[in-house]
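Visitor: Following is a predicted model, sequence given first.
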Amino acid sequence: MEVKSSGRPLDKPKSLNPSITILLIGLFSLSLILILFHGFSSLSISSASWDFQKWRSELGANNNDDRDDLSSKLRDSVTFLPLKDLRFTKTAMEGNTWFMSSFNDTYEENESEYLYFPSQASKGRLLCIKGHDQKDGSKNSYALAWPQSLPNSTTFLKGLTFVSDTYYDYVNLWHGLSAMVPFVGWSMKNRCLKPTRWVLFHWGELRDKMGLWLQNLMEANLGKVLIEEMGNGEGPYCFEKAVVMRHNVGKMGKEKKRQVSDLLRCKARVFCGINPSGRGKEVGVSGEPIIRLTLLMRRGSRSFKDPTAVISIFARECALVDGCLLEVVQSEDQSFCDQVRVMTNTDILASPHGAQLTNMLFMDRNSSIMEFFPKGWLELAGVGQYAHHWMADQSGMKHQGAWWDLNAEEECPDPKQQLECFNFYKDGKVGHNETYFAGWARTVLNQVRISKQQAMQSSQRYSNACQC
C-alpha cells in the first residue's frame, strides 16, 4: 500500500554565513571569559578580605600585648653611641667631626651645615642624648628613637631645641659668636623660628652656661635663653624637634654672613633701645661730617704699655680734622648695652687684638677697624691673628690693617721652640710708634671723611626694621 505525502517537500536548511559564525563564537567566548574572571575576582577579593578580617580580628584579641611587645623591641633596639668619637681626634673639625660622627650633615647653598631631627634622613626618629658628663665627651652618648618607643627613663622635651657643639667655648666673645651665628642663619631661613631651649657642648662635654655678652645677644635675637642642664637623673633626653650645629660658621657664604650680622646688629640695637636714625649724616659747626673715633682699651694682657701716650697721639690727629670726636672707652667697664651704644656711635675703632674687638659687630657697615698686636704674634701666631680681619669682612666693615710691636720687655728664652715662644709673648703688652700711629690715624681719618662726604650726598636711608 502506498502512502502519498501531501504538500511540498521540506526545504534544505540554509548554512550560516562564515563571518557571522565567527562573530557569534567570539562573543560567546568573551562572555564566558568575563563570567569566569568576575567569579575569580569575587572569590579572590572575598578571600583576601576574609584573610584580612581574620588577621585583624586575631590581632585585635591580643592587640595590646602585640603592640607592647613591638614597642618593647623597638625600645630595646635603640643604640647609644659616644657623642665624642675618639677615632677622629686628629680630624675633630673635619667632615662629620667627632661630635655625632655617624650623621651626615644637610647642606644648603650659602648656609652652614646642620642636622635636623626628626627628618627623612632619620626616618622620622627623634634625637636622644645622654649628656651629663662635663669632663669627658666620650662618656656622653646619642641615639635615634621612634617617638612611640622612646628609651626607658626618658625625659621628653617638647618644642624646638638648639644643640651646639663647639671646639672652643661660649664665654669668649669671638668664639661664642662663631658658634651662635649658624643658628641665627638657620632661623632666618626658617620663618624666624625661635628655640624653646639650648643644649651646649664643648668637645662633647656638657656646658650649662654661656657668657653674659653672648647670652644678651642671643636673647635680643632669639628670645629668652634657657640652657638645659640635663640634671633629671641618668636617663636620656629626647627632643621633639632639634637642630644641631657642630661646624661653627662652617660653609656659610659671605653674603649670608653679612645678612646675619645685619640682623644681629639690628636686634641688639632694638634690645638696648637705640635708634640710629640719622647716623652717618651728622655734621659739625663747620659743615664737615662728624667722624667718631673710639679707642677701645684693655687692662692686663695685650693692653698698651703707655696708654696715655697712645691716647695723646690719636687726640692730636683727631683735633686736626674738622668734625672728629674722640672717645676713650675701657672695655671691661661696659655693660652689653653700653658696648652696643658706643659701637653704634663709632666710625673708626682702634683697639689691641682681643675679644673686645668682636663689638665691631654693632658698628654700621663700612666702618673702619685699626688693630694692634704685641711682639710674637706676627712671627708665631699663624692664621689665628687674622680672626678680626675675617670678622670685619664678614660683617661688612673695613679692616684698615694692623700694627705689630717688634719689641718686648723680655725675650723668649729658646727662640727655636715656636709654640713655647708664642705662649711666652701671647699676652704681652703693646708698645707704640708715635710716627707710625700718627700717620696711620691721619690716613684712616681722611678716608672716612671722604666716604662720609659721599654718603651725605646719597639718598640712602637707614632702616630700623629688622628682618626677623
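Guide: On my side now, so go ahead. Residues are numbered from 1 along each chain as shown.

Visitor: going forward, measure contacts between C-alpha atoms and count neighbours the same way
Guide: Fine.

Visitor: Show me the beta-bridge partners of residue 350.
Guide: residue 295, residue 370 (DSSP bridges).

Visitor: thought it was touching residue 373?
Guide: No. The pair formed by residue 350 and residue 373 falls short of the contact definition of CA atoms under 8 Å, at 11.7 Å.

Visitor: neighbour-wise, which of those two wins?
Guide: Shown here are residue 350 and residue 373; by other CA atoms under 10 Å, residue 373 has more neighbours (26 against 21).

Visitor: now the more buried one, nearest residue through space, not along the chain?
Guide: On the basis of CA to CA, 6 or more residues apart in numbering, the spatially nearest residue to residue 373 that is not a chain neighbour turns out to be residue 404, at 4.7 Å.

Visitor: For that neighbour, list the residues it contacts.
Guide: Applying CA atoms under 8 Å, 6 or more residues apart in numbering, we find residue 404 in contact with 372-375, 377-378.

Visitor: rerun at 10 Å
Guide: The neighbours of residue 404, taking CA atoms under 10 Å, 6 or more residues apart in numbering as the test, are 352, 371-379, 430-432.

Visitor: List only buried entries from those residues.
Guide: Buried residues within the contacts of residue 404, counting neighbours by 16 or more other CA atoms under 10 Å: 352, 371-378, 430-432.

Visitor: Reformat those into JSON lines and put distance to residue 226, pLDDT and secondary structure next to each item.
Guide: As requested, these are arranged in JSON lines below (distance: CA to CA, whole Å; pLDDT from 0 to 100; DSSP: H, G, I helix; E, B strand; the rest coil):
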{"residue": "352", "distance to residue 226": "33", "pLDDT": "97", "secondary structure": "strand"}
{"residue": "371", "distance to residue 226": "35", "pLDDT": "98", "secondary structure": "strand"}
{"residue": "372", "distance to residue 226": "37", "pLDDT": "98", "secondary structure": "strand"}
{"residue": "373", "distance to residue 226": "37", "pLDDT": "97", "secondary structure": "strand"}
{"residue": "374", "distance to residue 226": "39", "pLDDT": "96", "secondary structure": "coil"}
{"residue": "375", "distance to residue 226": "41", "pLDDT": "95", "secondary structure": "coil"}
{"residue": "376", "distance to residue 226": "41", "pLDDT": "94", "secondary structure": "coil"}
{"residue": "377", "distance to residue 226": "38", "pLDDT": "95", "secondary structure": "helix"}
{"residue": "378", "distance to residue 226": "40", "pLDDT": "93", "secondary structure": "helix"}
{"residue": "430", "distance to residue 226": "39", "pLDDT": "97", "secondary structure": "strand"}
{"residue": "431", "distance to residue 226": "43", "pLDDT": "97", "secondary structure": "coil"}
{"residue": "432", "distance to residue 226": "44", "pLDDT": "97", "secondary structure": "coil"}
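
Visitor: Out of these, flag the one nearest to residue 133.
Guide: Proximity of the buried ones among the contacts of residue 404 to residue 133 (CA to CA) peaks at residue 377, which lies at 35.5 Å.

Visitor: re the thing from before, any common contacting residues for residue 350 and residue 373?
Guide: residue 402.

Visitor: Count the neighbours of residue 69 for me.
Guide: With neighbours defined by other CA under 10 Å, the count for residue 69 comes to 12.

Visitor: does it sit in a helix or strand, and which one?
Guide: In the assignment (DSSP states H and E), residue 69 maps to helix 63-76.

Visitor: Which SSE is immediately downstream of that helix?
Guide: The helix or strand immediately downstream of helix 63-76 is strand 81-82, counting by DSSP H and E.

Visitor: to the chain's geometric centre, what's the distance from stretch 78-85?
Guide: For stretch 78-85, the distance from its own C-alpha centre to the chain's C-alpha centre is 22 Å (CA atoms, centre = their mean, to the nearest Å).

Visitor: got the CA coordinates for that stretch in CSV?
Guide: The C-alpha atoms that make up stretch 78-85 are tabulated as CSV, following Å, rounded to 0.1, in the frame of the first residue of the first chain:
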residue,chain,number,x,y,z
VAL,A,78,67.9,51.9,70.4
THR,A,79,71.7,52.0,70.4
PHE,A,80,73.6,54.9,72.0
LEU,A,81,77.0,55.9,70.6
PRO,A,82,79.7,58.2,72.1
LEU,A,83,79.0,61.9,71.5
LYS,A,84,82.7,62.4,71.0
ASP,A,85,84.2,59.8,68.7
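
Visitor: on that earlier part again, can I get the contacts of residue 404 in CSV including distance to residue 291?
Guide: Conversion of the contacts of residue 404 to CSV gives the following (distance: CA to CA, whole Å):
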residue, distance to residue 291
352, 21
371, 18
372, 21
373, 25
374, 28
375, 31
376, 33
377, 31
378, 30
379, 34
430, 26
431, 26
432, 23
